[in-house]
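J.: can you look at this prediction? I've put the sequence above it.
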Amino acid sequence: VQLVESGGGSVQSGGSLRLSCVASGFISSDYSMGWFRQAPGKEREGVATIDSDGSTSYADSEKGRFTISQDNAKNTLYLQIHSLKPEDTAMYYCAAWEYGGSWYSWGQGTQVTVSS
């Protein structure tokens, strides 16, 4: 089981990025998946999730700028981020878990840095 994120980088405030997370060793659409981020000196926080039935949820502070989606044929999870702000600077992690169960897996993260 492996989750590999990509798509991070350094962008100017107001720009956009699309993060990708390729899952291997399991069928991602069978599990809940999500994006989390951790800024320096802060706790990891949830950004967006998508359940196996396709329903999505977002952190209240990010509604409208973040879009989570999934390509089942590619076993890949995406996070589209618009209107990036310096406070979005963080390591972004992809995760998968069994809803109501004990299994979970994390990726290694992809860094997003937003300059003003």
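T.: Thanks, I have the structure now.

J.: wait, Thr89 touches Lys42, no?
T.: No: taking contacts as Cβ atoms under 8 Å, Thr89 lies outside contact range of Lys42: 10.6 Å. Quick note: C-beta positions are derived from backbone N, CA and C, even for glycine.

J.: among those two, which residue is more densely surrounded?
T.: The neighbour count for Thr89 versus Lys42, taken as other Cβ atoms under 10 Å, is higher for Thr89 (17 against 9).

J.: so Ser32 versus Gln70, what's the distance?
T.: 11 Å (Cβ to Cβ, to the nearest Å).

J.: spit out the residues that contact the two alike.
T.: Ile50 (Cβ atoms under 8 Å, 6 or more residues apart in numbering).

J.: quick one, strands of this protein?
T.: With strands called from DSSP state E, the chain shows them at 2-6, 9-12, 17-24, 32-38, 45-50, 56-58, 66-71, 76-81, 90-97, 104-106, 110-115.

J.: could you dump these into a markdown table with mean pLDDT added?
T.: Converted to a markdown table, the strands of the chain look like this (pLDDT from 0 to 100):
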| stretch | mean pLDDT |
| --- | --- |
| strand 2-6 | 97 |
| strand 9-12 | 97 |
| strand 17-24 | 98 |
| strand 32-38 | 97 |
| strand 45-50 | 96 |
| strand 56-58 | 95 |
| strand 66-71 | 96 |
| strand 76-81 | 98 |
| strand 90-97 | 97 |
| strand 104-106 | 95 |
| strand 110-115 | 98 |
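
J.: who does the residue nearest the centre of the chain bridge with?
T.: In the chain, the centroid-proximal residue (Cα atoms, centre = their mean) is Trp35; its distance is 2.6 Å. Here Trp35 sits in beta bridges with Ala48, Cys94, going by DSSP bridges.

J.: could you count how many residues lie near Ser55?
T.: Counted with other Cβ under 10 Å, Ser55 comes out at 9.

J.: tell me how far it lies from Asn75.
T.: Ser55 is 19 Å from Asn75, where distance means Cβ to Cβ.
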